[in-house]
Structure formats: structure tokens, C-alpha cells
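K.L.:
Sequence first, predicted coordinates after that:
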Protein chains: 2
Amino acid sequence: MRECDVVVVGAGVLGLSTAYHIKRRHPELRVLVVDKFSAAGQGSTAKSMSAFRCLFSSRVNYLLSDSSVDFYAYVQNQLGVDLKLAFVGYLWLLSEREYGELHPVLDGLAASNLKYEEFEAEELAGRLHLNVCLAGDEEAEVLGLNDVYKGVLIPKAGIVDADCIVKFYEEEFLKLSGEIHYGVRVESLIVEPCKPLGIPGEPFFWQESRVSGVKTDAGVIKAKKTVLAAGAWIPQFLDAVGVECFIKPKKRQVFAIEAKKPELKQLLYTGGFNPVGCMPFTILPKPRVLIRPFPTEGVFWLSYADDFPRAFKLEEDPQPEKSFYEYGIYQVLVKYFPQFRDCHPYSAFAGLYEINTLDGHPVIFEENDLMVVGGASGSGIMKADAIGRVAAALYDGEEYADLYGGRRFKVSDLGIKERRVEREKLQI
Amino acid sequence: MRECDVVVVGAGVLGLSTAYHIKRRHPELRVLVVDKFSAAGQGSTAKSMSAFRCLFSSRVNYLLSDSSVDFYAYVQNQLGVDLKLAFVGYLWLLSEREYGELHPVLDGLAASNLKYEEFEAEELAGRLHLNVCLAGDEEAEVLGLNDVYKGVLIPKAGIVDADCIVKFYEEEFLKLSGEIHYGVRVESLIVEPCKPLGIPGEPFFWQESRVSGVKTDAGVIKAKKTVLAAGAWIPQFLDAVGVECFIKPKKRQVFAIEAKKPELKQLLYTGGFNPVGCMPFTILPKPRVLIRPFPTEGVFWLSYADDFPRAFKLEEDPQPEKSFYEYGIYQVLVKYFPQFRDCHPYSAFAGLYEINTLDGHPVIFEENDLMVVGGASGSGIMKADAIGRVAAALYDGEEYADLYGGRRFKVSDLGIKERRVEREKLQI
């Protein structure tokens, strides 16, 4: 049996950011991170699209991502740690209807220093060799696709390397003599009475009880505070002790296409949108197929976040589905970008989103000495630094967290009991 | 393969009430109820404590139960169907602190015609042979028990027979030539494209799709509308198609004690609280052990709704735990009611609550031709009539439902998207 002050379950980006920020505030505490994988960020973090945007309609989403991205830029530019962060921008291709919905949101955000640029469909057609007009295309009609009416480019958005972020937090945490045990699988949370009586069968319902650590396949770890940052696995642990977190697991798939053909190469390295000289992260009109450029590798990553009837399902090793690309993504993609005709993925991977089904925002709360940090719903990478800071403030019982750059954030806004978040209007 | 207009999954009290109210509005429709059991109400309905109260702090809870109880009283008194409904009342035994919390709520409710009666601890001590003062009792201190400070009796509350209610709805539904297939286990919901193309692998994500019926162990049932009223089993079906309902299953146990000893007989048939001449349904101070009188059988039912760390867990055949009575309920009970000393249950049963973890209120919504009716969180019997009426109004796309007695209820208040319910302050 081991004992420590804080045990963090999960060495993904949220677990390590949280462990680092707690340890940074309390170098004297014994903070232990455990993970079933043999290295950091090997779960859903490794399956992320590793892109970020600071454009969100919800104030909470905006603060979390904007301050985290500022921190990552600081790490890369001031501390000299290469996170492969590049501001390639996000380009939203919008149907007339979508533009009508987005525009008031952009107007509202313009007041808060948001910069964006609008493009006419014709200009985008010329620069990206994009089909903006699908009228008369019977297949496009069956697919339910709409013409591109406008494009909106958000410059403060782009790509990053999730693994580099994870390694950064891991290294900083270890430098502070934090401990990490890899290859240790947590089997369950341990619940004990606050005042044990030594009677078999405790805790009884008339006793106050608390989470006092975790049972692992390498023995018991007792802790004053247990932090559950196990992503899509969180609800499984919490269901066993009857705690609700509003998180559900859902498979997400990414397909990689090499920019081999000259026309694809040309598309990938389209200039004029950003200093990198590559295509921005691009969002097609509904259904919103996503194209993430990977300029250093000469590759595109393609994805789509499907809703009904995709199951909420916990899988140890989720697999990408060939048909999801062939009959889904590909069909939509080639209508707008004919450059992809006959292109097949040379590789693909799938991970689990930890979706917060309440409102799509992260969940950070404490109950009975158990802290839950998760539910980032697919935007954990771009919010990880702020989430770690909010979690560390919660650990210290503080009302407000100071995010990077000095912005304050009310900790209870991401809790369960006094949760206060707006509906996000810009989901992709 | 069978086809129908409406298939209702679950012949519990909510499924049958819903089926009846839909069929009543549309006698011409083919409405089919399926259930895995061989008769009506054999799931969690049969494991209910079968008690009701019209005292709730939330307007929604109050309307649902008050109008349902009025309907049951009408069925029993005007239609002459014996539901074994008896207004024995609810007696809340309150510590000083609990009284302080409850009193403003009662004051607030008094405006809405709520009748209640307050009792001094001493008077209750005399009438019920109740220990109201536990000071100096070391065991009581370890148990964390408080003195009884006051009692509050709610006359519009009592006991009923869940099975009689279920049978009433079943009979009325069959009279209207509704169909019920017992012994049919639903395995999954069927999802199909709204406009099928005949391509293998449909629906693809770019297609609109809908729930078109259910797959059962006796074949496929296609329906224009599928109504999921499967209680604690609802989330299992919905997870498979990625729909969130905020319902979690949780075991609840009931222990039956015979009133054999003279002092227990005397307690059970305590006069003066109600026209029945029995003890009211009694709620002990926290931890709120519940005592339901069963005067016609000479029996008490005892229960406790435990929270953390009781698991959210779906079990086909949940079992009562001897230790839950011996080390839990019994220990608390005998401190207040010494009459129960050395009493052991002659029988016990366990069922599954379908807890709505959002706010404890029912959930009634429709998505993609699938209606969900559930989440009654342990008060399904006492709200079943109103829930069926709201569900039938939702089926018809109406904004308001007319509850029994003419009170109107906004259907979307119990939905997911525009949900509007207050936090219930009087949970037991």
C-alpha cells in the first residue's frame, strides 16, 4: 500500500496539467499520477486532431481556450519548448443559412477583440479550387449538401502537437519531483467512512464517507485527495459509487490522406491565409466534415463528429471504420474538394470523446474528497492549461482561478451544483 | 415483422398510462405495448413502496402528483375500482434543523391550498411511543442521530396498490382494443434513414435518420412512433443510439416486518392521525428511514434511499441485502421506535429506481420519432396518470397537456431542450 497527498488517475493532457498545477502550488506535497499506459498521453489525448481555436460563443469556452493557447504560445516562444504550435487559422465554409446563424455571433464577439476575416465564395473557389456551387449535382442533393455562400477565417486558431504539450507538463511535473507510475491500471475508487469504527461492512449509510484512494492492479494507493482525470473512463468509475458527472464516451475517427497528387499538394500548401503558407483548418458546410492540414508531414487529417445514432460506448481499443470514410466523409469531401477524388486513407485512428451531455463544457467538481476533471468534449487539448489551473484552484478551495495572462475564472462555473455556462453556438 | 402506429416498450405503470392516454385520444390507432415479463407491472413497478404524497416544493412535482392522486381517488370513488388507495397521511419527524429548513417551504406552499398539521415532539412521543430525545445515548451519537423537534402531518398523502393501478390502465387500454404482448424482450431500437436509398450500411451520417421500431426476441416491430417507457432500462437502449436522457438505475430495498408483538400492533394501528386508524407513512429525521404502514396486512414496510456510494447499476434481478437492514435501517429505527427491537424482516424485495440525475423530475421528450417517458426517480406510481397525459400530449405535438381536474401543464417543461423545473427541496 502506498500513501500520498494527491493521486491523479490518468496521465492524459488533463491529468498532467492538473497534477502540474497542483504540484506547482504545493511543491511539498506528494502528488502521484497513475496511468494504465506505458507513457504519457497514450489514451484519447493521442487520438486527438490536435487543433485549437479561440472562437467560441460561450464565454467559458472562450476563456478556457484563449488563455490556454496564450500559455502554449508563451511556452513555445518564451520558454523555447517546441509544441509545434502554428496559427494556420480556422476557415469556416458556410451555407447561406449557416452564415445567417453565425454572423450575429461573430458580431457579438467582435467586441471582445475577436479578429476574423470574411471571404466571398468566388474568391475561395479561386484560391482553394473549391466547388462552391453544387446546384444541379444530383448526388450532392441526395447528400443534402448546400452551396458555399461565404467563408470566415479566424486567425487565432490552428494546430499543435498534443504529444508535445503532454511531454511539457510531464517534464515540468517531474522537475518538481512529482511522481508518475505508468503501466498501473486503476480498478476502482476506494470508499471509506470518515470516522472508521472497524466494523466489517463499513461504510453504512448513516456514516459520512469519502473516497480515500484507488485500488490498482499493483496494489492500493491511499490519498487525501483523489483526482479522476481518466477521460472517457470517468463515468465507469463514478457509476460504481453513484456519482453523476454527465460524461459519456463516444468514438471519434480520424483518417489521414497523403498530399501526393500535385493538386492535393497545391491545396495543402495554399498560400495567403496564414504565415505558415498552408491551407487553414477547414470546416465544410453541414454535415461539417473537418480538414486539418499537417503541412510538416504533407498530410491531411479528415474527421467528422457524428451525432445520432452513434452509440455512447466505452471501448478499450476503438477502431476506425473504413465505411465511415468511404460512404461518409469521402462522399461529402469530393463534392467540395474534387482534388480528393479516388484518395484513400493511408492510415486512420479512433479515440473516445468524453462528451459532457449537459452543455459540452468541461466538468470540474469535488465531492467526498474526490475531484473530477473531465468532459472536455473534444476540446481538451486546447483548454488543458486553463482546466488544470481551475482544478488546482478547486483543490485549494479557492473561489476564483487565475488563468494564464491574469484573467480570472469562477471555479464553481464548471461545477455541478452551481454550474453556469452558456450554450455553445459554434459546435463542430 | 409486425407494423403498428405506436409501440410502447414497457408495461410498467408509466408505459401503460402512456399507452392508455394515447389510445384514448386515438382509438383508431394500432397501439402495441411489449414487455419482457409475463404480466403488467412486474418490473420496478412491483417493487415500489406504493405510497404517495402531494407535498412537493417543486411546482412540477406538485402538479404531477396532486392531479394523479385526484384521478386515482376518482377511479376508486366514482368508477368503483378498488385501488386500495387510503389517505393515511405522511408524518415527517423533524430535527430542529430540518424543521427550520422545511418550515419556510410549508409556508410558501400554504398559499396553494396545502393543508398540514404540526405536532410537538412530546405529543408524538405519547401517541406513538416514540423516543424523541436521544441525548446521552452513545450509540445514537455514533449513528449521527438527532432529537425529534417537531412533526408535520400531511393529510393528502398515503398508500395505494401499484398493482391495482397498473391493472386499471391495462384493462382500460384493452377495452379500447389496445394490444399487449407479454414475454417479449426488446433487444434494441431500430434506426433507419428517413429516406432509404437501399444502400447497405445505411444510415450514413449525411442522412436524416429515425427510430423506426424495435428488435425483439420475437421478431421486428416497426412503428411510426416508438415510446420507450422501460424504466431503469431506458439508458441502456438510448446509449446504443447516442441519445442522452439523464436517467441512471439505482437499487432500492424494502424490508417487511410483521406487527406481531403487541407493541408493534399498537403502533401500526395508532388512531387519531387519519380516518383509517393506522400510523401515517412516517419519515424519520436524517438519515430518513421510511416506515410505510400496511394496515390490511398487519405489516410495516421499511426502506431507505441511500445515496453515495450506492452504485448506479443495472441488474436484471436486484436483491435486498440483509446487512442493509441489520446494520443500517434497524440501527436507526430502534433508536426512535424501540418497539422494533429484535424484529427481523420476514420478507424483503429490491427494485431499481430510474433516477433522473439532473433534477429528480420525470423526463418526457421526443427525438427522431422516439419518445422517452421515464426518470420518475422513485415517484412514478404517484405521478403516473399525469405523466401519461403529458406524454400523450407530446405525441400529439401539443404545447399544453390537460391534467386530470383541468389543470394545464406545459409539455416542454419536462423535455430536455427547454426543460423548466425547480429543484425539489423535499426529497426523501
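P.N.:
Yes, it's here. Residues are numbered from 1 along each chain as shown, chains lettered A, B, ... in the order given.

K.L.:
Shouldn't residue A:64 be within a helix?
P.N.:
Yes. Applying DSSP: H, G, I helix; E, B strand; the rest coil, one finds residue A:64 inside a helix.

K.L.:
Now do the contacts for it.
P.N.:
The neighbours of residue A:64, taking C-beta atoms under 8 Å, 6 or more residues apart in numbering or on different chains as the test, are A:362, A:383, A:386, A:387, A:390, A:403, A:409. For glycine as for every other residue, the C-beta is placed from the backbone atoms N, C-alpha and C.

K.L.:
Which of those residues are buried, as a PyMOL select command?
P.N.:
Taking 16 or more other C-beta atoms under 10 Å in any protein chain shown as the burial criterion, the selection of buried members of those in PyMOL is written as:
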select buried, chain A and resi 362+383+386+387+390+403+409
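
K.L.:
and which of the contacts of residue A:64 is nearest residue A:428?
P.N.:
Distance from residue A:428 was checked for each of the contacts of residue A:64 by C-beta to C-beta. The minimum falls on residue A:383, at 14.8 Å.

K.L.:
returning to that earlier point: just the closest of the contacts of residue A:64 to residue B:62, please.
P.N.:
Nearest to residue B:62 out of those is residue A:362 (C-beta to C-beta; 35.0 Å).

K.L.:
How about the contacts made by the closest one?
P.N.:
With C-beta under 8 Å, 6+ apart, residue A:362 has these contacts: A:64, A:356, A:373, A:374, A:375, A:376, A:377, A:380, A:383, A:387, A:414.

K.L.:
measure it to residue A:427 for me?
P.N.:
For residue A:362, the distance to residue A:427 (C-beta to C-beta, to the nearest Å) stands at 15 Å.

K.L.:
Can stretch A:319-329 be said to contact chain B?
P.N.:
Yes. With C-beta under 8 Å from any C-beta of the partner chain as the threshold, stretch A:319-329 lies in contact with chain B, specifically through A:323, A:324, A:327, A:328.

K.L.:
Compile the residues you listed into TSV and extend it with columns for secondary structure.
P.N.:
Conversion of those to TSV gives the following (three-state DSSP):
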residue	secondary structure
A:323	helix
A:324	helix
A:327	helix
A:328	helix
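
K.L.:
What residues sit buried inside the helix or strand residue A:165 falls within?
P.N.:
Taking DSSP states H and E as the definition, residue A:165 sits inside helix A:162-175. Of all the residues in helix A:162-175, those buried under the rule 16+ other C-beta under 10 Å are A:162, A:163, A:164, A:165, A:166, A:167, A:168, A:169, A:170, A:172, A:173.

K.L.:
Please name the residues that touch the first one.
P.N.:
Spelled out, it's residue A:162. Contacts were defined as C-beta under 8 Å, 6+ apart; by that measure residue A:162 touches A:13, A:41, A:45, A:46, A:48, A:50, A:381.

K.L.:
same check, this time on the third one
P.N.:
Residue A:164 makes contacts with A:81, A:82, A:83, A:84, as judged by C-beta under 8 Å, 6+ apart.

K.L.:
rerun that using 6 Å as the cut-off
P.N.:
Residue A:164 makes contact with A:83, A:84 under the criterion C-beta atoms under 6 Å, 6 or more residues apart in numbering or on different chains.

K.L.:
on that earlier part again, helices - which of the contacts of residue A:64 land there?
P.N.:
Among these, the residues falling in helices (DSSP state H) are A:383, A:386, A:387, A:390.

K.L.:
Quick one: the strands in the stretch 51-200 of chain A, in order.
P.N.:
Assigned by DSSP state E, counting those that start in this stretch, the strands in the stretch 51-200 of chain A fall at A:51-53, A:90-94, A:117-120, A:150-154, A:157-159, A:179-182, A:186-193.

K.L.:
Export only the CA atoms of the longest one, formatted as CSV.
P.N.:
Below are the C-alpha coordinates for strand A:186-193, written out as CSV (Å, rounded to 0.1, in the frame of the first residue of the first chain):
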residue,chain,number,x,y,z
VAL,A,186,-6.9,1.7,-11.6
GLU,A,187,-9.6,-0.9,-11.0
SER,A,188,-11.9,1.1,-8.6
LEU,A,189,-12.2,4.0,-6.2
ILE,A,190,-11.9,3.1,-2.5
VAL,A,191,-14.7,4.5,-0.3
GLU,A,192,-14.2,4.5,3.5
PRO,A,193,-16.0,6.1,6.4
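
K.L.:
For that strand, what does the pLDDT average out to?
P.N.:
Here the mean pLDDT over strand A:186-193 is 98, rounded to a whole number.

K.L.:
Say whether chain B is contacted by it.
P.N.:
Yes. Contact check for strand A:186-193 against chain B, using C-beta under 6 Å from any C-beta of the partner chain: residues in range are residue A:191.

K.L.:
Can you point out the buried residues in that strand?
P.N.:
Within strand A:186-193, the residues scored as buried using 16+ other C-beta under 10 Å are A:186, A:189, A:190, A:191, A:192, A:193.

K.L.:
cool, stretch A:141-160 as well?
P.N.:
By 16+ other C-beta under 10 Å, the buried positions in stretch A:141-160 come out as A:143, A:145-160.

K.L.:
same thing with stretch A:416-428?
P.N.:
Buried residues in stretch A:416-428, counted by 16+ other C-beta under 10 Å: A:416, A:419, A:421, A:424, A:426, A:427, A:428.

K.L.:
Near chain B, list only the ones from the ones in helices among the contacts of residue A:64.
P.N.:
When these are filtered against chain B using C-beta under 6 Å from any C-beta, no residues are retained.

K.L.:
How far off centre is stretch A:31-41?
P.N.:
Relative to the centre of its chain, stretch A:31-41 is centred 18 Å away, using C-alpha atoms, centre = their mean, to the nearest Å.

K.L.:
and it, average pLDDT?
P.N.:
So the average pLDDT for stretch A:31-41 ends up being 98.

K.L.:
Could you pull up the contacting residues of residue A:90?
P.N.:
With contacts defined as C-beta under 6 Å, 6+ apart, residue A:90 is in contact with A:53, A:154, A:157, A:280, A:281.

K.L.:
Nearest to chain B among those residues?
P.N.:
Of all the contacts of residue A:90, residue A:281 has the smallest distance to chain B: 19.8 Å, by C-beta to the nearest C-beta.

K.L.:
ok, the closest one touching residue A:50?
P.N.:
No. Here residue A:281 does not reach residue A:50: they are 10.2 Å apart, not a contact under C-beta atoms under 6 Å.

K.L.:
before we move on, which element is the nearest residue to residue A:325 once chain neighbours are set aside in?
P.N.:
Counting by C-beta to C-beta, 6 or more residues apart in numbering or on different chains, residue A:255 is the residue found nearest to residue A:325 once chain neighbours are left out, at 4.7 Å. Assigned by DSSP H and E, residue A:255 belongs to strand A:247-258.
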